[in-house]
Each structure stands twice: as structure tokens, then as C-alpha cells.
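1. Below are the sequence and a predicted model for it; my questions follow.
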Amino acid sequence: MRARLRATTKAAAAQDKSSAALSGIFAELDEAMQTPAGDLAKAYILSPLRPLVGDSALVPPSRFRFSSEDLSKIWGWMARELAPGMVEAAKKCKRPETDPIWFDYRRQAGAALADAVHKADRVPKDMTALLKRFGSDGRTMLAVAITLFSNCEDLARAMGELPLKIEDFDDDLSLTVMRLHEEMLETNPEAALWILLLTMGRLDCPWQIFRVIKRIGRRDDDLVVQKTEIAAVGDAVLDDTGFFAARLKQPPQTLEEAKACALVFDRFVAFSTGMTAEFGIRKDGRWGRSLFGLRAEASTNVEKILAKVPLALDSGLPEPRRGRSGRVIPAQIPNTAAIDKAEGLLYFLSRCRKHATAAAIASTQKRIADAAEKRMQEAGDMLVDLIVGSEGQNRTTAQDGLDITVRLMDSAGLDTAAALLRRRGAAAAAA
């Protein structure tokens with residue numbers, strides 16, 4: 001009954017003073033019946049920062065501006081020193097997160113942070129304390145927080161027109177983002193850039209943000225754009241590309257690590273080729289020099305990983321040898337760690353094939369892959385001979401060695417050769 005009365009009075013409020021008064025009373029009653037925000041006030045107020053919270057070791061730079069620890073420190077600083085009254089009022093607030101009052105609280109948070117940073121800029125000891133609390137990049141991080149808090153309502157309204165996850169950044173969406181950017185540029189220039197940066201964070205293919213850059217800059221190359229404010233967006237794409245290039249430095253030690261490393265390589269190639277496919281990146285421009293430098297870095301890192309394959313086979317492949325008489329001499333079964341490492345590196349070697357040309361590693365990848373296949377095939381042939389010509393423990397060891405060799409062939413993508421060797425081993429054991 002209360003809900004029906006509330007709806008009726010709300011609908012008539014614009015034309016009838018009594019209904020408007022009743023509507024206000026019902027609104028107050030609804031609020032009085034709600035539970036105070038309490039500890040949820042922290043999440044409600046800090047929500048403009050949430051899309052950019054992550055672990056810098058796992059999240060590319062365009063999607064990382066704050067760690068969870070940063071948010072806790074910001075909240076604690078406001079609660080203790082900067083805006084304790086606002087924090088207490090927010091905790092007692094009974095209105096839902098969608099209520100406009102939370103935009104007011106966020107703007108108050110931004111103003112409090114701005115005052116604190118402004119004071120620290122003028123007082124060296126305060127800046128020292130700020131950097132001690134937040135780290136050497138604390139000043140930059142807080143500047144981003146201030147911008148997002150101060151412009152929270154405008155940004156929320158604009159971003160509300162876009163999907164939270166964008167798989168296909170088609171022309172319609174690209175035009176929408178351009179419109180949102182241009183509207184924000186007229187009314188709130190400080191927040192306009194963040195329309196593009198926040199959109200980039202929602203794209204499955206972040207390099208597609210250049211589709212908007214082309215529209216805004218009225219050009220399909222970087223000659224002019226890289227000298228304007230929106231160059232920060234291209235810089236963000238390059239930073240992400242560098243993030244993936246740097247993560248290729250560590251050779252995988254297991255199959256799981258190799259799968260993760262291959263995904264990183266996939267992502268690097270997608271960024272690297274995606275940039276040039278979407279936008280004209282001049283080789284002699286700032287972006288061009290950075291991009292081709294990152295490609296060289298990634299190629300070097302991958303080649304260093306591939307160079308470890310022969311050493312990994314030395315330790316992880318149960319490779320028999322032939323004595324002077326031609327008799328096959330069995331090898332000891334490798335330890336688990338050595339087998340795992342060889343398996344991972346062979347998997348990565350195989351997965352690199354599809355990017356070999358794009359990453360300028362084609363000759364290296366083919367040479368190492370061919371040599372690895374030859375060694376595994378020869379080892380498998382000798383192990384089959386050992387199974388046929390031995391018995392007891394020697395035969396068991398040869399069978400175990402053959403199983404390992406088949407496993408390594410499978411990881412290297414040599415499915416047909418592995419299946420054939422498996423059948424030959426089964427036939428030899430049954431003979």
C-alpha cells in the first residue's frame with residue numbers, strides 16, 4: 001500500500017502541492033527505514049577509482065593507476081586528517097549508492113585531497129611525508145584521484161552510455177565516444193581525456209581506441225596527434241605494449257608457466273600489430289621509434305627463451321646413446337623439474353611459430369624447432385630398440401623414457417609423430 005501511495009504522490013507531485021509534500025514525506029520515510037552505509041561508505045566514495053585498481057605486476061599500465069593499498073591509504077588519510085566529518089557523515093548516510101548525495105561526498109573527497117597536495121607542493125616537509133606515505137609516484141597517483149573525484153558525476157554520466165565490456169568497437173560506438181569526448185571538452189576539459197582512457201580500459205582490443213583518435217584528430221597518422229593532449233592515449237597503448245614485451249624476459253619453468261608466457265606473447269603481438277593496423281605510425285616519429293624499439297626488445301627476449309630449448313633437452317630428454325659397438329646405452333630418467341622445464345619450453349617453441357614472422361624470429365624458431373624434433377625422434381627410435389632388446393628393470397626404464405619422449409613431443413605440437421611413437425612403443429612392449 002505504501003509503495004502504491006508513493007508512486008501516486010510522486011506522479012502528481014509536479015501539479016499538486018499536497019502530493020509533492022506527501023512525496024517528500026514518503027521519501028524521508030524510505031530513507032529512515034534504510035540501514036546506514038557504514039563500512040560500505042568506503043566502496044561508495046572510492047568507486048570512481050575502481051576501474052583503475054589492480055596489481056602493477058599483472059595489470060597493464062592503462063588499467064592500473066591505484067593498488068588496493070593506495071585506496072586504503074587514501075581512505076585512512078581522509079578519515080583521520082583530511083575530511084573526518086565527511087567520512088563520518090557518509091558512514092551514517094542511509095541513501096543508496098545511486099543517490100546523487102554520493103557524488104557530493106566524492107567531490108568533497110577530491111577537494112580535500114587537492115588541498116592536501118597543494119599544501120605539500122608549498123611545504124617540503126609535507127611533500128616528504130606524502131611521498132613516504134604513497135611512494136615516489138604518489139604525487140602523480142593523487143593527481144589522477146583528484147581528477148576522477150572532482151569530475152565523478154560528469155564522467156559517470158558519460159561512461160553510462162557505453163557498455164562495461166566492449167568486444168567489438170564498431171563505428172557507432174566510436175562515434176559515441178567521440179561525441180562524449182567533444183561534449184566533455186566544451187563543458188569540462190579536465191575530464192575529457194578520461195573519457196578516452198576509461199573507454200580504452202573497457203575494450204577487449206585496447207589498440208582500437210585509435211579509431212576514435214583518427215576521428216578526433218581528423219587524420220589517420222600520428223604527425224599532429226602525438227603533439228596534442230590526446231597523445232596520452234597513444235602513450236597508454238605503447239605503455240601496455242611495453243608491459244607485455246618486458247614480461248617475456250622470464251623463461252617458463254613448467255607447462256603452466258609456458259602457457260601463460262605464450263598468452264603474453266600473443267597479447268604483445270596483438271598490441272604491436274594492432275597499433276599499426278589501426279593508425280598510421282610513422283617510423284621516424286616518437287611513437288614509431290618507441291614501437292619498433294619494443295618490437296626489438298620482445299624479439300630479443302623471445303630468442304633468449306628459445307635458446308634454452310637445447311639445454312632443456314639435455315636435462316629433460318631421456319636420450320640414449322650408441323656405444324662403439326653400436327649397442328644402445330640407456331640414459332637415466334630425468335628428474336621431474338627437468339622434464340617439466342623441457343615440456344614448457346617446447347610448448348612455447350611450438351606456440352611461437354604463428355608469430356614467428358611478425359616478431360622477426362622465423363629463422364631462429366625454425367632452426368631450434370627442427371633440431372628439437374630431430375633429437376626427440378632419434379631418442380624415440382633408440383628407446384623402442386631398447387624395449388625390444390631388453391628385459392626387467394632395463395625394459396621398464398626404457399618404457400618410462402619413451403613415455404617422457406612422447407610427452408615432450410606432444411608439448412612441442414608434434415601430434416602425429418608422438419602418436420606413431422606411442423604405437424611403436426606399445427607394439428615393442430607386446431613383442
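-> Ah, there it is.
2. Show the contacting residues for Arg282.
-> For Arg282, the contacting residues are 221-223, 288, by CB atoms under 8 Å, 6 or more residues apart in numbering. C-beta coordinates here come from the backbone N, C-alpha and C atoms, glycine included.
3. What lies in contact with stretch 411-426?
-> Contacts with stretch 411-426, where a contact means CB under 8 Å, 6+ apart, come from 255, 343-344, 346-347, 349-351, 353, 369, 372-373, 376-377, 380, 383-384, 387, 399, 402-403, 405-406, 409-410.
4. For ChimeraX, what selects the buried ones among the contacts of Arg282?
-> Command for ChimeraX, covering only those of the contacts of Arg282 found buried under the criterion 16 or more other CB atoms under 10 Å:
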select :221,222,288
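5. With pLDDT, distance to Thr187 and secondary structure added, can I get the contacts of Arg282 in CSV?
-> Formatted as CSV, these follow (pLDDT from 0 to 100; distance: CB to CB, whole Å; DSSP: H, G, I helix; E, B strand; the rest coil):
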residue, pLDDT, distance to Thr187, secondary structure
Asp221, 75, 30, strand
Asp222, 73, 28, helix
Leu223, 75, 29, helix
Gly288, 90, 35, helix
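6. of the contacts of Arg282, closest to Ala298?
-> Ranked by distance to Ala298 (CB to CB), those are led by Gly288 at 15.8 Å.
7. Show me which pair in the contacts of Arg282 is furthest apart.
-> For those, with distances taken as CB to CB, the pair at the greatest spread is Leu223 and Gly288 (10.8 Å).
8. Which of the contacts of stretch 411-426 are buried? Put it as a PyMOL command.
-> Here is the PyMOL selection string for the buried members of the contacts of stretch 411-426, based on 16+ other CB under 10 Å:
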select buried, resi 255+343+344+346+347+349+350+351+369+372+373+376+380+383+384+387+399+402+403+405+406+409+410
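9. Mark which of the contacts of stretch 411-426 are part of helices, please.
-> Using DSSP state H, the subset of these located in helices is 255, 343-344, 346-347, 349-351, 369, 372-373, 376-377, 380, 383-384, 387, 399, 402-403, 405-406, 409-410.
10. Helices of the stretch 101-250 of the chain, start to end?
-> With DSSP state H, counting those that start in this stretch, the ranges of helices along the stretch 101-250 of the chain come out as 101-122, 124-134, 138-150, 152-159, 171-187, 189-202, 210-217, 222-225, 231-246.
11. Can I get those in a markdown table including distance to Leu420?
-> Converted to a markdown table, the helices of the stretch 101-250 of the chain look like this (distance: least, CB to CB, whole Å):
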| stretch | distance to Leu420 |
| --- | --- |
| helix 101-122 | 65 |
| helix 124-134 | 61 |
| helix 138-150 | 58 |
| helix 152-159 | 56 |
| helix 171-187 | 50 |
| helix 189-202 | 48 |
| helix 210-217 | 48 |
| helix 222-225 | 52 |
| helix 231-246 | 37 |
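12. For the ones you listed, which has the smallest mean pLDDT value?
-> Confidence, taken as mean pLDDT, is least for helix 222-225 of the helices of the stretch 101-250 of the chain (a mean of 76).
13. The residue sitting furthest away from the middle of the chain and Ala191: what is the separation?
-> Here the centre of the chain is the reference, and by CA atoms, centre = their mean the most remote residue is Ser325, at 57.3 Å. Going from Ser325 to Ala191 by CB to CB, to the nearest Å gives 81 Å.
14. Same question for Thr35.
-> Taking CB to CB as the measure, Thr35 falls 33 Å from Ala191.
15. before we move on, what about Gly288?
-> Distance of Gly288 to Ala191, given as CB to CB: 30 Å.
16. Met409 too?
-> Distance from Met409 to Ala191, counting by CB to CB: 56 Å.
17. Phi, psi for Lys361 please.
-> Just so we're on the same page, residue 361 is Ile rather than Lys. Backbone torsions for Ile361, taken as degrees, to the nearest 10, come to phi -130, psi 20.
18. Surely it is in contact with Ile305?
-> No - using CB atoms under 8 Å, Ile361 is not in contact with Ile305; the gap is 10.0 Å.
19. From the contact counts, what lies against the host helix or strand of Lys73?
-> Element membership of Lys73 [criterion: DSSP states H and E] is helix 68-77. Contact here means 3 or more CB pairs under 8 Å, 6 or more residues apart in numbering; DSSP states H and E; on that basis helix 68-77 packs against helix 40-46, helix 124-134, helix 138-150.
20. Point out where this protein drops to low pLDDT.
-> Flagging of the chain using pLDDT under 70 yields the residue ranges 2, 19, 26-34.
21. Which parts of stretch 274-282 count as buried, going by neighbours?
-> Those would be 274-276, 278-281, for stretch 274-282 by 16+ other CB under 10 Å.
22. Let's have those residues in CSV, adding distance to Ala57 and secondary structure.
-> As requested, the buried residues of stretch 274-282 are exported to CSV (distance: CB to CB, whole Å; DSSP: H, G, I helix; E, B strand; the rest coil):
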residue, distance to Ala57, secondary structure
Gly274, 23, helix
Met275, 23, helix
Thr276, 28, helix
Glu278, 27, helix
Phe279, 29, coil
Gly280, 33, strand
Ile281, 28, coil
